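*Asks:* dropping a prediction and its sequence here:
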Amino acid sequence: MSKRLFALLAALIVASMLLTACGGAQFECDDAIGCVDIAPDEPIHIAYMLTISGATAFLGQDSRGAIEIAIDDRGGELLGHPISLTGEDTLCSAEGGQTAATKVAADPTILGIIGTNCSSEATAAMPTISAAGLVMLSPSNTAPALTLEGETWQPGYFRICHTDLFQGSVAAEFAYNELGSRTAATIHDGSPYADQLQQVFAGRFQELGGTITFQGAVNVGDTDMRTVLTSVAADSPDILYYPIFEPEGPFITAQASEIGGLEGTTLMGADGLLSDSFPENAGPNVVGMYLSGPYVSGAAYDDFLAKWAAKFGGVPPSGFHAFAYDGTNILLNAIEQVAIVDDDGTVHVGRQALRDAITGTTNYTGLTGRLDCSDNDYSAFGIDNPSHGDCATGEALAIFEITQAELDGNWPPPVVYTP
């Protein structure tokens, strides 16, 4: 071997050793479902899938604002890269959820999603999102089936807010134990959220000793609710629980006073109506009505509200912003935890590793309390299916009463009961 060739070979060996020692060896992805590679000049890309237009826009605007504040709290950066937030409008419909999922899944740079708002959106979107290897953390999907194996759940889906196994039970216990209701009727709109929530309410109300006199449905888009209200009034129930959205909720509220037999019936909705637009859209009948929904308090939450007022003005328009904030932080923490960073700033994130890191999030203290994303056992609710991805413990719930002040523009309504 010539001296020149020997010297060249030696130089190559030394260069190889230096590259390895400095972490410069080429990254090889061994993640089960693949990796996302982010070049030094590229952003950390997350997305939202939220309902940001139409009658339910308050839900998406509420969540999107919280995501932006969570990003602001990190200086807009993660791992030395700017955080990029893009999004799709899901319209609070199955069709909107599927369309948004198809668009998001087609972008290989997206690491994770905050969304969706409505359970119907998630039900339609989940197969596409899961198959793409993505994670999706919802701030306001509450339908129980979404996290149950063998029902809607698929890998990569997580829920930061409460399941309606908690909310329906709290609402029923308030109606029976606090209001003294012994008969109840329910109305839903056919969506997974409304149908499953009213069923949990009805089941728990009966367990307590109450009687369900009627369970009926309206269609999304209906404006004349007098027929279903007449059926409800046939038995003059003590309470009517209708966990639906606007604009159908305001129509039921406004027209209930026109129906004989409902004079003594208490009206009660759920978090789908926990919006600052609901009282004015429903009119005077809303005074004295109750809503079940999320409730957050404490110094950290007060700081968040101050940031909201400074950034957007006023108060958040719905009740799920704190869950969106916590979900964004859980996602960003998990990305930071599993990322492999090269010396030149290139970031590699394994998609299965990211799912595992979120599942492994336990005893996380967020605005909404203690969050634990490991598997759950819902046998106490009579459910045998394994549950995956439920992070909330159900502690951030309350019953609100709408007063004249809310009809006059105050928001949010006062809390009258916490479990």
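*Replies:* Sure, I can see it. Residues are numbered from 1 along each chain as shown.

*Asks:* and the strands in the stretch 301-419 of the chain?
*Replies:* With strands called from DSSP state E, counting those that start in this stretch, the stretch 301-419 of the chain shows them at 340-341, 347-350, 364-366, 369-371, 397-401, 415-417.

*Asks:* what are the buried residues along the last one?
*Replies:* Yep, that's strand 415-417 we're talking about. Within strand 415-417, the residues that qualify as buried are Tyr417, counting by 16 or more other CB atoms under 10 Å. Placement of C-beta: from N, CA and C, glycine included.

*Asks:* residue ranges with poor pLDDT in this structure?
*Replies:* Counting by pLDDT under 70, the chain has low-confidence residues at 1-25.

*Asks:* thought Glu248 was touching Val218?
*Replies:* Yes. Using CB atoms under 8 Å, Glu248 is in contact with Val218, at 5.8 Å.

*Asks:* so what sits against both of these two?
*Replies:* Counting by CB atoms under 8 Å, 6 or more residues apart in numbering, the contacts common to Glu248 and Val218 are 189, 225.

*Asks:* and the spatially most central residue of the chain, its phi and psi?
*Replies:* In the chain, the centroid-proximal residue (CA atoms, centre = their mean) is Pro139; its distance is 2.1 Å. Main-chain dihedrals, Pro139, degrees, to the nearest 10: phi -90, psi -10.

*Asks:* can you check Met136 too?
*Replies:* Phi and psi for Met136, reported as degrees, to the nearest 10, are phi -130, psi 120.

*Asks:* my guess is it meets Met49, correct?
*Replies:* Yes. In this structure, Met136 is within contact of Met49 by CB under 8 Å, at 7.3 Å.

*Asks:* between these two, what contacts are shared?
*Replies:* Shared contacts of Met136 and Met49 (CB under 8 Å, 6+ apart): 113-116, 125.

*Asks:* and these, which is closest to Asp326?
*Replies:* Ile114 (10.3 Å; CB to CB).

*Asks:* which residues touch the residue nearest to Glu151 when sequence neighbours are not counted?
*Replies:* Leaving aside its sequence neighbours, Glu151 sits nearest to Ala145 (CB to CB, 6 or more residues apart in numbering; 4.0 Å). Taking CB under 8 Å, 6+ apart, we find Ala145 in contact with 123, 151-153, 192, 196.

*Asks:* and those, which two are the farthest apart?
*Replies:* Farthest pair in these (CB to CB) is Trp153 and Gln196. Separation: 13.5 Å.

*Asks:* burial measure for the nearest residue to Ile383 once chain neighbours are set aside, as a count.
*Replies:* With sequence-adjacent residues excluded and distances taken as CB to CB, 6+ apart, Ile383 is closest to Leu148, at 6.8 Å. Neighbourhood size, Leu148 [other CB atoms under 10 Å]: 22.

*Asks:* got it, and Asp37?
*Replies:* Asp37 sits with 16 neighbouring residues when counted by other CB under 10 Å.

*Asks:* pull the number of nearby residues for the closest residue to it other than its chain neighbours.
*Replies:* Closest residue to Asp37 in three dimensions, ignoring its sequence neighbours and counting by CB to CB, 6+ apart: His348, at 5.5 Å. Residues lying near His348 (other CB under 10 Å) number 18.

*Asks:* partners of His348 in the sheet?
*Replies:* On the basis of DSSP bridges, His348 is bridged to Asp37, Ile340.

*Asks:* list the residues that contact it.
*Replies:* His348 makes contact with 27, 29, 35-38, 339-342, according to CB under 8 Å, 6+ apart.

*Asks:* got those residues as CSV, with distance to Phe166 columns?
*Replies:* What follows is those, written out as CSV (distance: CB to CB, whole Å):
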residue, distance to Phe166
Phe27, 43
Cys29, 39
Cys35, 36
Val36, 34
Asp37, 40
Ile38, 37
Ala339, 34
Ile340, 38
Val341, 39
Asp342, 44
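
*Asks:* out of these, which end up buried?
*Replies:* By neighbour count, with 16+ other CB under 10 Å, the contacts of His348 hold 35-38, 339, 341-342 as buried.

*Asks:* circling back: sec struct for the residue nearest to Glu151, please.
*Replies:* helix (DSSP: H, G, I helix; E, B strand; the rest coil).

*Asks:* still on that earlier bit, strands - which of the shared contacts of Met136 and Met49 land there?
*Replies:* Judged by DSSP state E, the shared contacts of Met136 and Met49 include 113-115 as members of strands.

*Asks:* on that earlier part again, how about the strands of the stretch 301-419 of the chain, which one is nearest Leu91?
*Replies:* Leu91 sits nearest to strand 397-401 of all the strands of the stretch 301-419 of the chain, at 26.4 Å, using CB to CB.

*Asks:* who are the packing partners of the closest one?
*Replies:* The helices and strands touching strand 397-401, judged by 3 or more CB pairs under 8 Å, 6 or more residues apart in numbering; DSSP states H and E, are helix 164-173, strand 290-294, strand 415-417.
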